[in-house]
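Asker: could you look at this predicted model? Sequence included:
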Amino acid sequence: MKLVLGTFARGGIEAISGSDLSVGVRRALRHFAWRERQGHSQPLDRRQLDGLGSAGFDLELSVDRETERALERRAREYGGITVEQLAGHAVLAYLSDRDAETVS
């Protein structure tokens, strides 16, 4: 899977996981799949996708099949968005969840 991380997403993942972006992004995508399984998916406003997948740092990585299926399923449900765009959104949602945990 290929996705593009913007500066904010890349910095957030590096702050949590260090310089190995693949580890942090996989963790974020597994978190997305877990939320989907629990029925806690976050609503997606298409405006949140503006710019995702168009500029930033390219990252190519493999993910487990369960995570990939969750991303594919949700992308189909939203219609007209790519798995890569949704993956970029999932990274930002993960960072938001992590931030909310530290504030609580």
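Answerer: It's in. None of the values given here were measured: they were computed from a predicted structure.

Asker: strands of this structure, start to end?
Answerer: Taking DSSP state E as the test, the strands found in the chain are 2-5, 57-60.

Asker: Thr102: which of those strands is closest?
Answerer: With Cβ to Cβ as the measure, strand 2-5 is the member of the strands of the chain nearest Thr102 (20.8 Å). Quick note: C-beta positions are derived from backbone N, CA and C, even for glycine.

Asker: wait, doesn't Arg37 sit right on Thr67?
Answerer: No: Arg37 is beyond contact range of Thr67, at 10.3 Å (criterion: Cβ atoms under 8 Å).

Asker: turn the strands of the chain into TSV, columns for distance to Leu92 and mean neighbour count.
Answerer: Shown next, in TSV, are those (distance: least, Cβ to Cβ, whole Å; neighbours: other Cβ atoms under 10 Å):
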stretch	distance to Leu92	mean neighbour count
strand 2-5	9	20
strand 57-60	14	13
